[in-house]
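Asks: here you go, sequence then predicted model.
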Amino acid sequence: MAKNIMIQGTMSNAGKSLLATGLCRIFKQDGYRVAPFKSQNMTLNSFITKAGGEMGRAQVVQAEAAGIAPDTRMNPVLLKPTTDVGSQIIVNGRARGNMTAMEYYRRKREYIPTVLEAYNSLASEYDIVVIEGAGSPAEINLKQEDFVNMGLAKLVDAPVLLVGDIDRGGVFAQLYGTIVLLEQDERDRIKGTIVNKFRGDRAILEPGLKTLEELCGIPVAGVIPYIHVDIDDEDSLTERFDKSTERKLIDITVIRLPHISNFTDFSPFERYGNVSLRYVDNVGDLHQPDMIILPGTKSTIADLKWLRQCGLEAAIQKAAAAGTLVFGVCGGYQMLGRKISDPGQVEAAGITDIPGMGLLEMDTIFLGEKVQTQTTGVFASISGILSGLNEKSYSGYEIHIGRSEEAMPALAGIGNVYGSYIHGVFDAPDISDTILKAICNQKGLDSDALETFNIDEYKERQYDLLADAVQNGLDMDFVYRILNREV
């Protein structure tokens, strides 16, 4: 069986996912077969594996860093929020229906065998499993039947590194307070603490680190600098949404829907020096972009109503009429049509029919069976601004309940309005390039200013940069001693 190590955090967004990704890369570079694992993930950023299973994107990123294919065993339970108090439950890659938070909490114990089966299966095939916790282990109201943090650490006998976020302030209180709230056997599992997202001179930290070690009786395993790497974020806590991005040579806006999902679809556009990608949730910030993207959503009908109420629908329709490129992905694609029907209340929005934005000639109906598949092909029969995509290869994955046509094309469009069900549609070589060049042509700009690049090489370089930063910040000899149960 594999050796294991677990990354837990003092709070959500303390940096667990990124540190786990960095460790996966380091262990791979050191010649080990390594796999990531997170028993339960709550996110609207998901991925479809080659086998057609759905899993959280954080473990997909970690698998990429480890040089292996994503596998639903790496994330056996996925919760996709549908309302403020309920989620769709994905188990072993397949939807099992919706539950309220209270119902799921009552039934949590049912999923422990599934989690252990997935973990043990992975552990039998790899040398090391890097486990990521969720939220904080000190949520004392949620500890009963826990299989995500200390509960999982006990189940699989994993040593723990506890991560605190100094960028938010109060890192010593975070780490000490978390440890104090744990039971003694749980404290004993924490073999080291990590101060994450540090900016400045470590020497200034040293007195605090020494006192922390004395108070907790646990060594500080490292201080990780604030890392500037371009790696997909886990969920809606991403700083990407909070950037006040200046408008550049080409300006793209993504509508920040209340239930936005898979916003990592648009990462390729962020990697061009002369392109701005802005997330907008009000008319005042829309301005006059060159491209408007309607992203995926877990609640298409509710988010369409929101668009209507806040005035963004009218603004998008006006921009489309003026020739602005408008592109919808998955739920955003559905909104662009004439009508959306939900006769079986699949989305539980209390509406069976709602008019769409009327920018594409198609209707959508929600059916009970969920489409989950990877897809590849070559674009054809595309007219209008994006006709240059014809004969370009695409790849990605589909996750949707709605059906918009009997035989849905990979890309549907009229003039300057387009839509696709394919998540990751912009990732394939030449796709984002071709779209940006089309915008340049429309504006009379020289497309040489776009600074093209190889996306695969770029991603590999980012994983290596992350590994370098984590390795320099952590005492890796100490980490290996933890792995080998010498601590």
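Replies: Yep, that arrived.
Asks: going by C-alpha atoms from here, please, whenever you check contacts or count neighbours.
Replies: OK.
Asks: pLDDT averaged over the helix or strand hosting Ser276 - what is it?
Replies: Using DSSP states H and E, the element containing Ser276 is strand 275-280. Averaged across strand 275-280, pLDDT comes to 93.
Asks: got it, and stretch 11-29?
Replies: Averaged across stretch 11-29, the pLDDT comes to 96.
Asks: give me the contacts around that stretch.
Replies: Stretch 11-29 is contacted from outside by 7-9, 33-36, 58, 61-63, 65-67, 128, 130-136, 163-165, 196-197, 234, 237, 463-464, 466-467, 470-471, using C-alpha atoms under 8 Å, 6 or more residues apart in numbering.
Asks: quick check: next helix or strand after the lengthiest helix in the chain?
Replies: In the chain, with assignment by DSSP state H, the single longest helix is helix 455-473. Where DSSP H and E defines the elements, the next helix or strand beyond helix 455-473 is helix 476-483.
Asks: quick revisit: just the buried residues from the contacts of stretch 11-29, in ChimeraX please.
Replies: In ChimeraX, this line selects whichever of the contacts of stretch 11-29 come out buried by 16 or more other C-alpha atoms under 10 Å:
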select :7,8,9,33,34,35,36,58,61,62,63,65,66,67,128,130,131,132,133,134,135,136,163,164,165,196,197,234,463,464,466,467,470,471
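Asks: restricted to helices, list the contacts of stretch 11-29.
Replies: Short answer: these in helices (DSSP H) are 58, 61-63, 65-66, 463-464, 466-467, 470-471.
Asks: want to throw those residues into CSV with pLDDT and distance to Ile354?
Replies: As requested, those are arranged in CSV below (pLDDT from 0 to 100; distance: C-alpha to C-alpha, whole Å):
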residue, pLDDT, distance to Ile354
Ala58, 93, 34
Val61, 95, 37
Gln62, 97, 39
Ala63, 98, 40
Ala65, 97, 43
Ala66, 98, 45
Tyr463, 96, 44
Asp464, 97, 48
Leu466, 97, 46
Ala467, 97, 48
Val470, 97, 49
Gln471, 97, 53
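Asks: got JSON lines for those, with distance to Glu347 too?
Replies: Shown next, in JSON lines, are the ones in helices among the contacts of stretch 11-29 (distance: C-alpha to C-alpha, whole Å):
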{"residue": "Ala58", "distance to Glu347": "25"}
{"residue": "Val61", "distance to Glu347": "29"}
{"residue": "Gln62", "distance to Glu347": "31"}
{"residue": "Ala63", "distance to Glu347": "31"}
{"residue": "Ala65", "distance to Glu347": "35"}
{"residue": "Ala66", "distance to Glu347": "36"}
{"residue": "Tyr463", "distance to Glu347": "37"}
{"residue": "Asp464", "distance to Glu347": "41"}
{"residue": "Leu466", "distance to Glu347": "39"}
{"residue": "Ala467", "distance to Glu347": "41"}
{"residue": "Val470", "distance to Glu347": "42"}
{"residue": "Gln471", "distance to Glu347": "45"}
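Asks: return the member of those nearest to Asp201.
Replies: Val470 (16.5 Å; C-alpha to C-alpha).
Asks: now do the contacts for that closest one.
Replies: Applying C-alpha under 8 Å, 6+ apart, we find Val470 in contact with 19, 22-23, 224.
Asks: could you rerun that using 10 Å?
Replies: 18-23, 25-26, 196, 222-225, 227, 464, 476 (C-alpha atoms under 10 Å, 6 or more residues apart in numbering).
Asks: how much space between it and Asp433?
Replies: To Asp433, Val470 is 32 Å away according to C-alpha to C-alpha, to the nearest Å.
Asks: about what we covered before: any of the contacts of Val470 buried? List them.
Replies: For the contacts of Val470, a burial check counting by 16+ other C-alpha under 10 Å picks out 18-23, 25-26, 196, 222-225, 464, 476.
Asks: of the ones in helices among the contacts of stretch 11-29, closest to Ser383?
Replies: Checking the ones in helices among the contacts of stretch 11-29 one by one against Ser383 (C-alpha to C-alpha), the nearest turns out to be Val61, at 34.5 Å.
Asks: now do the longest helix of the chain against helix 57-66, angle only.
Replies: Helix 455-473 and helix 57-66 are oriented at 90 degrees to each other (axes from the mean of the first three to the mean of the last three C-alpha atoms, to 10 degrees).
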